[in-house]
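>>> my questions concern the predicted model and sequence given below.
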Amino acid sequence: MDTSTIDVTVGMPKNLKVGLGDTITVPVNVTVLPGARIIAATIDIFFDDNILDVQDITQGIFWSPSNDPVTNWSLTSNVIPHDDADDQITLSLFRPVPAEEGVGDVAQVTFAVNANAPTGPTTLVVQPRREPPVELNWVGDPGTLDIVPSFRTAAPTTGEDTTPDAESTPSYQLIADPHNPGLWLKMNKRTGELSQVSTRTKTLPNGELRYKRIFAS
């Protein structure tokens, strides 16, 4: 490819690791070379909907909203399902006055990974459309997600507490925190009280498990 003819590159990162059943936020980045002045952009992103599901789309920092109506970038996003092909995200950005060159993210897309998806790479195909001024050359650079077994650590449902308060709370149950998937709360089996989980590694009947520190909500 003759890169000397490229004015604007739109792409997503490569080889980002994400676990089965987890979510990941991926930036949509642009590189605008000197002399290329942009007032609008339409970007299509195609993804395998058997593996990924779009959870959220937000505007990035580089082409960002502003209280100044002249420099304000507006973003409209749509997710378009396709029965016989990959699903499609369409991002449309506009501002009244042309923007100068630079590099940065124009949007952030949050995907959820199907817990039953196959592991391995999945491609995010990025296809910018040609917008005014029509003489600019837009090029898409695909991203990839590397789907791996979940990063979450399975927790036992019960165990004997070995912390200093074990005498007053001799047993507990670990339950999933509904507000923080993959993290756990410790419930006093006698009172039902929830408490934070220790950050240190405890030795439980089924082996060692490192808990993440969280607080009851």
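Received, thanks.
>>> helices or strands up against the helix or strand hosting T42?
If you go by DSSP states H and E, T42 is part of strand 38-47. Secondary-structure packing of strand 38-47 (3 or more C-beta pairs under 8 Å, 6 or more residues apart in numbering; DSSP states H and E): strand 8-11, strand 23-32, strand 87-99, strand 102-113, strand 120-128. For glycine as for every other residue, the C-beta is placed from the backbone atoms N, C-alpha and C.
>>> 7 Å instead, please
strand 87-99, strand 120-128 (3 or more C-beta pairs under 7 Å, 6 or more residues apart in numbering; DSSP states H and E).
>>> which residues touch the shortest one?
This means strand 120-128. Around strand 120-128, the neighbours that count as contacts under C-beta atoms under 7 Å, 6 or more residues apart in numbering are 8, 10-12, 26, 41, 43-48, 51-52, 138, 140-147.
>>> strand partners (parallel or antiparallel) of the next helix or strand after it?
Under the assignment DSSP H and E, the closest C-terminal helix or strand after strand 120-128 is strand 138-141. Here strand 138-141 is paired, per DSSP bridges, with strand 8-11 (parallel).
>>> sorry, back to before: and the angle for the strand holding T42 with strand 120-128?
Going by axes from the mean of the first three to the mean of the last three C-alpha atoms, to 10 degrees, strand 38-47 is angled at 150 degrees with respect to strand 120-128.
>>> mind listing what's buried in strand 38-47?
Buried residues in strand 38-47, counted by 16 or more other C-beta atoms under 10 Å: I38, A40, A41, T42, I43, D44, I45, F46, F47.
>>> stretch 8-19 too?
Buried residues in stretch 8-19 (16+ other C-beta under 10 Å): V8, T9, V10, G11, M12, L16, V18, G19.
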